[in-house]
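In: the following comprises the amino acid sequence and a computationally predicted model.
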Amino acid sequence: MDPKPVFLIAGGHHRRFAEGALWRASIASVGTPRPSLAYVGAAAGDSGPFRLLIAGFLKRAGAGRLLPVKLCGKRPNLAAARGVLDSADAVFVSGGDVEAGMRVLEETGVAGHLKALAAQGKPFIGLSAGSIVLARSWVRWRNPDDEASAELFPCLGIARVHCDTHDEDSDWAELRSLLKLLPDGEEGWGIPAGGAVVARPDRTVAWSGRPPTRLRREGVSIQGIPVPD
């Protein structure tokens with residue numbers, strides 16, 4: 001099977017976060033009635049209460065069983081985690097802290113397993129920080145008070161885009177910092193609360209809900225460019 005488009009939901013606190021259309025569209029993108037979802041909550045430390053909150057949205061949107069992929073803690077059962085990922089109809093990567101989530105996925109070796117599943121055609125859905133985890137790379141600061149200390153770190157690259165989520169109030173400051181570290185011509189997508197982006201394997205993008213902001217590095221500046229209809 002060929003890789004599938006990746007559904008990236010912004011999340012956030014906008015009132016549309018709780019509306020059903022984006023959630024229904026994400027579940028419909030799996031292509032299976034009442035699909036089972038492997039829930040990767042590493043970015044939130046495998047928080048049970050957060051998983052239960054998100055489970056409500058997903059099940060109202062048409063999801064079937066939600067299967068936790070437990071990776072945090074001193075001795076995670078990695079064989080069981082891989083089994084859940086293999087057996088589910090799709091993988092849902094939830095929100096939290098991007099860098100923390102990537103650290104867990106890399107240290108457990110699950111990052112490579114997720115990439116292999118995506119290459120085999122397993123559908124993926126991201127939410128908030130989980131959307132960034134599924135994208136190509138993200139930015140961190142060695143010194144939070146020094147913009148010059150910004151550096152890239154790789155994410156999963158299952159969605160072949162750069163993106164940020166629900167940061168429209170800052171005019172996508174972190175996404176702009178990321179683009180400044182990338183080669184000329186690279187683009188990034190700011191997905192607002194109440195919006196979602198569908199990243200296709202050919203690097204083209206569609207969107208649902210509130211329209212995204214599309215930014216491109218052009219020389220030393222970051223320019224906004226039109227989004228597709």
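Out: Received, thanks.

In: at the geometric centre of the protein, which residue sits there?
Out: residue 131 (1.1 Å; CA atoms, centre = their mean).

In: tell me the SS of that one?
Out: What DSSP: H, G, I helix; E, B strand; the rest coil gives for residue 131 is helix.

In: that one reaches residue 10, doesn't it?
Out: Yes - the criterion here is CB atoms under 8 Å, and residue 131 meets it with residue 10 at 7.1 Å. Using the backbone N, CA and C atoms, a C-beta is placed for each residue, glycine as well.

In: what touches both of those two?
Out: 165, 191 (CB atoms under 8 Å, 6 or more residues apart in numbering).

In: burial measure for residue 168, as a count.
Out: 20 (other CB atoms under 10 Å).

In: identify the single longest helix in the protein, thanks.
Out: What stands out as the longest helix in the chain, according to DSSP state H, is helix 48-60.

In: who does the following helix or strand past it pair up with?
Out: Moving toward the C-terminus from helix 48-60, the next helix or strand (DSSP states H and E) is strand 66-69. Here strand 66-69 has these sheet partners by DSSP bridges: strand 37-40 (parallel).

In: now tell me what touches the strand it pairs with from outside.
Out: Under the contact criterion CB under 8 Å, 6+ apart, strand 37-40 has outside partners 51, 54-55, 58, 63-69, 71, 84-85, 87-94, 105, 110, 114, 125, 130.

In: next one: stretch 67-82
Out: So stretch 67-82 is in contact with 36-42, 45-46, 51, 84-85, 87-88, 104-105, 108-110, 113, going by CB under 8 Å, 6+ apart.

In: return the subset of these lying in helices.
Out: 51, 84, 85, 87, 104, 105, 108, 110, 113.

In: show me which of those residues are buried.
Out: For the ones in helices among the contacts of stretch 67-82, a burial check counting by 16 or more other CB atoms under 10 Å picks out 51, 84, 85, 104, 105, 108, 110, 113.

In: lovely, talk soon.
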